[in-house]
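Make a model of this:
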Amino acid sequence: MSERAKILIVDDLQEYRESLSRVLSPDFEVVTAGDLDGAKAATDESVSMALVDVRLSEDDADNPGGVQYLKWARSAHPDLPVVMMSVYSTLTPERAKELGAQEFLKKPIDVEALTDLLHSIVEAHGQTRRG
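From the prediction side, this is the model:
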């Protein structure tokens, strides 16, 4: 059997990272990060896609950490699909896609729909980004 696609989950809320990890781990290899630096450090060629919260600090409503990651990923890993997510309306789906996001999801996320979406993105982009 081929190896599972690796999904990076980036969210400042540990409970949310753990919850998504539990839901997605039967289908994907999951790695997580809680902040921008951790997300950058976890992103390598083995990561098939990133699922990133727009705000990476609940204490700072203007924290653009997720958007900063998206911009960085577009430059450092241009073929990495990035799916943005947020409970807040600080970033519209249209703007997220203009910045290079594959998709934008509003929290709370329907986990069955999320799993289907991630499978379709992995299939469209290949199992992993390694040549």
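
wait, what's in contact with the residue sitting nearest the centre point of the chain?
Using Cα atoms, centre = their mean, the residue of the chain that lies closest to the mean C-alpha position is residue 51, 1.2 Å off. Neighbouring residues of residue 51 by Cβ atoms under 8 Å, 6 or more residues apart in numbering: 7, 8, 9, 10, 20, 83, 85, 114, 118. All C-beta atoms are positioned from the backbone trio N, CA, C, and that covers glycine.

buried set for the longest helix along the chain?
In the chain, with assignment by DSSP state H, the single longest helix is helix 111-125. The neighbour-count criterion (16 or more other Cβ atoms under 10 Å) identifies 114, 115, 117, 118, 121, 122, 125 as the buried residues of helix 111-125.

Check the offset of that helix from the chain's centre.
Offset of helix 111-125 from its chain centre (Cα atoms, centre = their mean, to the nearest Å): 12 Å.

distance of residue 52 from residue 104?
To residue 104, residue 52 is 10 Å away according to Cβ to Cβ, to the nearest Å.
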